[in-house]
Structure formats: structure tokens, C-alpha cells
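Novice: The following comprises the amino acid sequence and a computationally predicted model.
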Amino acid sequence: MESLIILPLILPMLTGIILIFLWNYSGAHKRVAQLSSFAHLGICIYLLIYSSGNSALVLNMGGWPAPFGITFVLDIFSSLMLTISSIVALCTNVFADKMEELKKVRLGFYPLIQFLMMGVSGAFLTGDLFNLYVWYEVMLISSFILLALGGNTFQLGGALKYTIINLKSSLLFLSSLGLIYGKLGTLNMADIAQRLMNTSPLTPEIQSAFVLLFIAFALKAAVFPLFFWLPLSYPNTSYSVSAIFAGLLTKVGVYSLIRCTTLFFGHEFDWLQGPLIIIACLTMIIGVFGATSRSGMREILSFHIISQIGYMILGLGLFGVWGVAWSIFYMFHHIAVKTNLFFAAGIVKYLRGNDRLSSMGDIYRDHPIFSLLFLIPALSLAGVPPLSGFFAKYGILFKAFDSQYYWAAVISIFVGLLTLYSMIKIWAEGFWKKSSKKMHHQDLKSIKIPLTLFVPMLILALVTVLISINPKWSYDISEKAANQLLNQEKYIQNVLGGNS
Amino acid sequence: MILFKSLTLGMIYFTGFYLLLRRSLLRNLIGILILSNGINLLIFFSGGNVKGVPAFIPENMDSLTGKYADPLPQALILTAIVIGFGFFAFFLMLSLKVYEKTSSDDMDSIEERP
């Protein structure tokens, strides 16, 4: 059973390699990629079902025992994230079929998505900090190329800034690894956690090394002072690429942040709590205000990624089983919703030529079913009951009141309202407004939405609805995951075994 | 020795960060290169450098006794060098592409929004 947890990693890698060998047969790329993503999803669901009933699975690569070799750990949190990201990857592979030009497919769009998924899966699975760094780089290099692929000037400009800022964060990450290794003499996460438990109280040297690590994660997660790259790069790349990025990349940063803070400092969280909550609130506010100032659909949505990241960090900052559990709930609800909204932006582009609000209009009249489908993720993002976003926001709000951070609670309500405002803006401007285009009514109406664009949206909307109609199930599994995360001794024991 | 190490590292980091603060693409590129070398050095120093002691367990023994050299930082640096080189190559090409399109080395001259 243990060796199965390497599969979510190996499968995208093999598929990517096969696709590279099939370079000249680019027509076959999408079929192979879709098939592989489907298998990936199957494996992830199986792992999720297995891990939800068992303790964490540990795999030591090459049989080297834990603190020395590379360790992979699969617990509920990682399998949950694997499953939802696998759904997103599958949907993107289907969506890209009609959305991506043939030129980009020839340049290796599908293999790159596979390598991206390999990096993402690796980051979710690994139990070793240096290995985490390597998976980040695998993910980043694929994302750089995807961003710049077949680029026009704007796209290259965005890609350039994204590349520079991410290179810098990688350098910070690596420096922090050097410092941590110098201080603690290990990079295995369980081993670090164990040594940190034995060094109480924490010295400033150790704290500073870890703060450097958290800054690197925060940069990837687009948290408050470090978010500028996101709204520059995401709206300029191609639509299917921005959809998968919006769903996955920042969330990998949040995942690492949750994983490392809970595992390393679960027993001594006080020194992190204040900064995390303040940063979370600032992230929420800045993101949502940025969104109100923009007029392109993807620009608005990009800023909303930032504000939603704030909620996740707030959940983590409030801590306790509740806080972390709602944070996890928020993450997987958000991945489905956000990718779906970017898909919707892609379909709008397909229908109207671009996604600027000024050139949209009359979409509800021409495509009522698509418009209603857009409403599900849009209202869920804003937290309108009974959709999944409502429960996620409610949980974090409740926890904020419970821990007596009233101001944080007030801010999160306020941000929720502004999110609703943005979604209504998109709806009113894009879907209800009379189209200003000189095009003939019949011409606009005659464009049919292809099935391959429609089905991914339908699948993700279905995920949102499933979370919405049975939030208890989703919460229960998040709570289990949070319990597992906060039980550091169990994790250490699982990884290091009895010989520590 | 520790003073020498930290001064060297400080100078390299200083140079790297100074170059990263510039708007010129090429200087950024060089800054990243210098900084990544500095980080490799940092990892190397973090292993605690000792001279003339074994790094591996001899054939007829079960464990190392006394002082020993830590071989792990070298392995980490090797990985970091490879990754850093790949990144640098990509960044170089991307900058070239951007330069071809905009014929400017200034990062702020690149338009961001259509």
C-alpha cells in the first residue's frame, strides 16, 4: 500500500515523457493527457478513501530510513488536496481542447501541464523540506514556460515579472533551508518537528530561519505585501493556463504554510498567531479593493484570489482544530470555485472576443444556461447561502468570534460584502447589460458553446453543489485532516518509527 | 574563520541584492546568478566544515565515532546548482525574447496591460 502513494507523482511524469516522445503527433496529445488525468483522479480518489480511514502512509524512497532518505507522507490533508487538484487538472485538459490554439499545443502545452501536476503532487506528498524545494522548482519551471508560451508582449511582460519574483522567492527558500540545516542539522520535516519540540523556548536564530521559509511560502501564496506579481501575470496568459494556475499554484503555497506551521510550531504557535492574523486581514482587504478597481473579468478574479487567500491564512492564524479545519475546507471549496470562474472567463472570451466588461453584455439573453452556471461559483465565492462559500466563510467567521478576534471577524464580513459587489458587477455588466457591440443580434446568438468548454464548468459546478448540499461530510473530513495535522507526535512517530 | 565566512557571505548577498534592486534586466540576471552562488556557499558553510575527518563509514565499522564530515550539504548544493542553472538559462532566454520585442532593458518599459 505504501508504494502506491508514489503513483500520483509517477503518472504525470511518465505521461509527460511519453507526450514529449509524441512531439510530432500533437493531435494525440490531448487524448493521452485526458486519459492520464482521468487515471490520476481515480488514483487520488482511491488514496483519499484509503487515507481517511487509516493513519498516515509513509514511503521511504530507495528504502533509506526516515531522517536520511527522502520521505513521502500521505495523510488526509495531502490526499484531499491531491484529489481536488486532480479534478482541476482533468477539467483543464478537457477545457484546453477548444481554448488553446494549435500553435501552443505544438509547443508542448499538454506535457507542460503534466509536469506542472507532477510538481504540485510532489509538493503535496513530500515529507522533506529540500525535496519540497525541488518540487516547487519543478512546478515553477513548468509554470514559467506555460505563462510565456507563444507569447505576445503583454504576456511576456507578465511572465518576466512572475519569473523574477519567483526566482527571488526560490532563493529565499534555499537560504532558509541552509539556515535551518545549519541550526537543526536536518531537513526531514518530522525530524525538524521533533528537534523543535525539544528546543523550548525557541531562540531568535531558529525563528528567523523559519520566518524566511514562511516568507518564501507567502510569496508563492500571494499574501499581502508580496502579491503584486499575481494580478500582473495571470490575466495576460492564455485562459486555460490561468484557470489551472488560479486553482492550484497559490494554494500550494498555502498548503505548505499550513503544513509547516502546524507541524513545526503546533506546540508553540503564539509568536506566529498575531502576525498571521494581521497579514491575513490586510491580504483580504487589499485583494478585494484591488478587484473593485479593475474592469477585466480575469483581472477582477485575480485580485479575488488574493483576498480569498486571506481567509485561508486567517483560518490558520486563528488556529485550533476549528481554525485549521475551516481553512482546509476553504481551500478545497476555493480551488473548485476559482478554476470554474476562470473557465467562465474563457467561455466569455470565446463568445465575445475578450473578457473586458465593457465589451461584454447580453450574455444572459443569448446563453441563459451558461449564465446560470456562472452564478453557482460566483455566488459561492461571495459566500451566498446555501452554496459552499457560505459555509467556508461562516466557519472562519464563527471561529474568529469564538477566539475573540472581533475586528478580524468584522473585516471578513466586510470583505465578503465587497466580493459580492464584484460578482454583481461582473453579472450586471457582462450578463445583463445591453451589448454595446454593433454586431447583429443573430450573429452573437448563433455562437454555440462547444461541449468541451461546457463540461469542465459543469463538473466543477457539480463539485461546488456537492460540497454545498452536504457540508457536514466535507467539514468532517477537514476536521479529521486538521486533527491529524495538529497531532505532531503521531506524525513524527509515523515517519521516524520507533528508532528515534 | 567564522568571521571570514560570514563576511564573505554578507558581501555576496549584498552584491546580489543590490543588483536585484535595479530595474535593468541584465543586472537582475547577474544578481540572481551571484545570489544563487552565495546561497550554495551558505549551505556549504551550514554543514560545519571540518578538515581531515572521514565523511563515510569505513567498510569494517558500523558507525562513525568521533568527529566526522557532513557529506549532505554537497549533495544539496549539487541539486541547487543544477536547478539554478536551468532557471538561469530560462530566464536568459526570456529576457532575450522580451528585449527583442521591446528593445529595452528597462523592466518598467514593458507594458503590462493591453
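Specialist: Looks like it arrived, so ask away.
Novice: can we go C-alpha only for contacts and neighbour counts from here?
Specialist: Fine.
Novice: got a list of what residue 55 touches?
Specialist: No chain specified, so I'll use chain A. The contact partners of residue A:55, taken as Cα atoms under 8 Å, 6 or more residues apart in numbering or on different chains, are residue A:75.
Novice: my question was about chain B
Specialist: For residue B:55, the contacting residues are B:68-71, by Cα under 8 Å, 6+ apart.
Novice: how about the strands of chain B, start to end?
Specialist: With DSSP state E as the definition, chain B shows no strands.
Novice: can you pull the pLDDT of the residue most central in space within it?
Specialist: Among the residues of chain B, residue B:36 comes closest to the average C-alpha position under Cα atoms, centre = their mean, at 1.8 Å. On pLDDT, residue B:36 comes in at 91.
Novice: what's the nearest residue to it if we skip its chain neighbours?
Specialist: Excluding the flanking residues, the one nearest residue B:36 by Cα to Cα, 6 or more residues apart in numbering or on different chains is residue A:171, at 6.5 Å.
Novice: Distance of the one you found relative to residue A:259?
Specialist: From residue A:171 across to residue A:259, the span is 21 Å (Cα to Cα, to the nearest Å).
Novice: before we move on, the earlier item: dump the contacts of residue B:55 to TSV, plus pLDDT, neighbour count and distance to chain A.
Specialist: Converted to TSV, these look like this (pLDDT from 0 to 100; neighbours: other Cα atoms under 10 Å in any protein chain shown; distance: Cα to the nearest Cα, whole Å):
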residue	pLDDT	neighbour count	distance to chain A
B:68	79	16	14
B:69	81	16	12
B:70	82	18	10
B:71	82	14	12
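Novice: Among the residues you listed, which pair sits farthest apart?
Specialist: The distance between the two most remote of the contacts of residue B:55 (Cα to Cα) is 9.2 Å, for B:68 and B:71.
Novice: what about residue 54, how many neighbours?
Specialist: If you meant another chain, say so; for now it's chain A. The criterion is other Cα atoms under 10 Å in any protein chain shown. On that basis, residue A:54 has 11 neighbouring residues.
Novice: wrong one, I was asking about chain B
Specialist: Residue B:54: 16 surrounding residues under other Cα under 10 Å.
Novice: Can you name every helix or strand that the helix or strand harbouring residue A:290 contacts?
Specialist: Using DSSP states H and E, residue A:290 falls within helix A:270-292. Helix A:270-292 is packed against helix A:297-318, helix A:406-426, with contacts defined by 3 or more Cα pairs under 8 Å, 6 or more residues apart in numbering or on different chains; DSSP states H and E.
Novice: who's in contact with the closest residue to residue A:378 other than its chain neighbours?
Specialist: Nearest non-adjacent residue to residue A:378, counting by Cα to Cα, 6+ apart: residue A:423, 6.0 Å away. Contact analysis of residue A:423 by Cα under 8 Å, 6+ apart lists A:378-379, A:382.
Novice: Please tell me how far residue A:423 sits from residue A:429.
Specialist: The value you get for residue A:423 to residue A:429, if Cα to Cα is used, is 10 Å.
Novice: Repeat that for residue A:29.
Specialist: 37 Å.
Novice: Neighbours of the residue lying closest to residue A:256 once chain neighbours are set aside, how many?
Specialist: Closest residue to residue A:256 apart from its sequence neighbours, by Cα to Cα, 6+ apart: residue A:217 at 6.7 Å. Residues lying near residue A:217 (other Cα under 10 Å) number 25.
Novice: what's the answer for residue A:448, then?
Specialist: Around residue A:448 there are 11 residues (other Cα under 10 Å).
Novice: cool, the one 3 residues further on as well?
Specialist: By other Cα under 10 Å, the residues close to residue A:451 number 11.
Novice: cool, residue A:371 as well?
Specialist: 19.
Novice: Report the contact partners of it.
Specialist: By Cα under 8 Å, 6+ apart, the contact set of residue A:371 is A:363-364, A:431.
Novice: Show me which of those are buried.
Specialist: Those of those that meet the buried threshold are A:363-364, A:431, by 16 or more other Cα atoms under 10 Å in any protein chain shown.
Novice: Any regions of the chain where pLDDT drops low?
Specialist: Since no chain was named, I'll use chain A. Residue ranges of chain A with pLDDT under 70: A:436-444, A:498-500.
Novice: ah, no, chain B please
Specialist: Looking at chain B by pLDDT under 70, you get B:111-114.
Novice: and chain A, which residues reach chain B?
Specialist: Within chain A, the residues that sit near chain B (Cα under 8 Å from any Cα of the partner chain) are A:130, A:137, A:141, A:153-158, A:160, A:163, A:167-168, A:171, A:174-175, A:177-179, A:181-183, A:185, A:232, A:236.
Novice: Now for residue B:2, how many residues are close by?
Specialist: Using other Cα under 10 Å, residue B:2 is surrounded by 8 other residues.
Novice: ok, now how distant is it from residue A:183?
Specialist: From residue B:2 to residue A:183 the distance is 15 Å (Cα to Cα).
Novice: ok, now how distant is residue A:16 from residue B:40?
Specialist: Separation of residue A:16 from residue B:40 (Cα to Cα) stands at 30 Å.
Novice: What of residue B:80?
Specialist: 7 Å.
Novice: can you check residue A:316 too?
Specialist: 32 Å.
Novice: Comparing these two, which shows the higher neighbour count?
Specialist: A count of neighbours by other Cα under 10 Å puts residue A:316 above the other of residue A:316 and residue B:40, at 28 against 25.
Novice: which residues does that one contact?
Specialist: Contact analysis of residue A:316 by Cα under 8 Å, 6+ apart lists A:258, A:276, A:323-324, A:327.
Novice: what's the answer for residue A:96, then?
Specialist: Residues near residue A:96 by Cα under 8 Å, 6+ apart: A:240, A:453.
Novice: Show the contacting residues for residue A:153.
Specialist: B:98, B:101-102, B:110-111.
Novice: residues in chain B within reach of chain A, list them.
Specialist: B:32, B:35-36, B:39, B:42-43, B:45-48, B:76, B:83, B:87, B:91, B:94-95, B:97-98, B:101-102, B:110-114.
Novice: Just the buried residues of those residues.
Specialist: B:32, B:35-36, B:39, B:42-43, B:45-47, B:76, B:83, B:87, B:91, B:94-95, B:97-98, B:110, B:112.
Novice: Any idea how far the helix ranked longest in chain B is from the middle of the chain?
Specialist: As assigned by DSSP state H, the longest helix anywhere in chain B is helix B:72-102. Its chain's average C-alpha position is 10 Å from that of helix B:72-102, according to Cα atoms, centre = their mean, to the nearest Å.
Novice: Which strands or helices does it pack on?
Specialist: helix A:129-148, helix A:153-184, helix B:25-46.
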